[in-house]
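>>> Predicted model and sequence follow; I will ask about them next.
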Amino acid sequence: MIHPPDPEMTRRRHVRDGQSAPVTCAACGCRLEEIAPESWFHFGRFGGRDARGCRVGCAEAEHDARGLALLALPA
């Protein structure tokens, strides 16, 4: 079954290579959802897995508008 497009997903987009596109993870390509202004997370993240069930290291991390994970550096 093909799901209808989510109007929330089309609300926030990022310019990539001169074209408007949804914000996606730079590491795995998964589409990200905006939780707070300028703060994106993997959709359906749970236990280190993304919405597809794949285990990705940045599934729980906050991402920026370019899709890069904002991982905390060890002290």
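Thanks, I have the structure now.

>>> mind checking pLDDT for the residue nearest to residue 60 when sequence neighbours are not counted?
Distance criterion C-beta to C-beta, 6 or more residues apart in numbering; nearest residue to residue 60, sequence neighbours excluded, is residue 45 at 5.8 Å. Just so you know, the C-beta spots here come from the backbone N, C-alpha and C atoms, and that holds for glycine as well. Note on residue 45: pLDDT of 73.

>>> Could you report the separation of residue 22 from residue 61?
18 Å (C-beta to C-beta, to the nearest Å).

>>> Residue 40 too?
Residue 40 is 10 Å from residue 61, by C-beta to C-beta.

>>> Which one of these two is surrounded by more residues?
Using other C-beta atoms under 10 Å as the criterion, residue 40 and residue 61 rank with residue 40 on top: 27 against 18.

>>> Check which helices and strands the helix or strand harbouring the more buried one is in contact with.
Secondary-structure element containing residue 40, defined by DSSP states H and E: strand 39-42. When contacts are defined as 3 or more C-beta pairs under 8 Å, 6 or more residues apart in numbering; DSSP states H and E, strand 39-42 packs onto strand 32-36.
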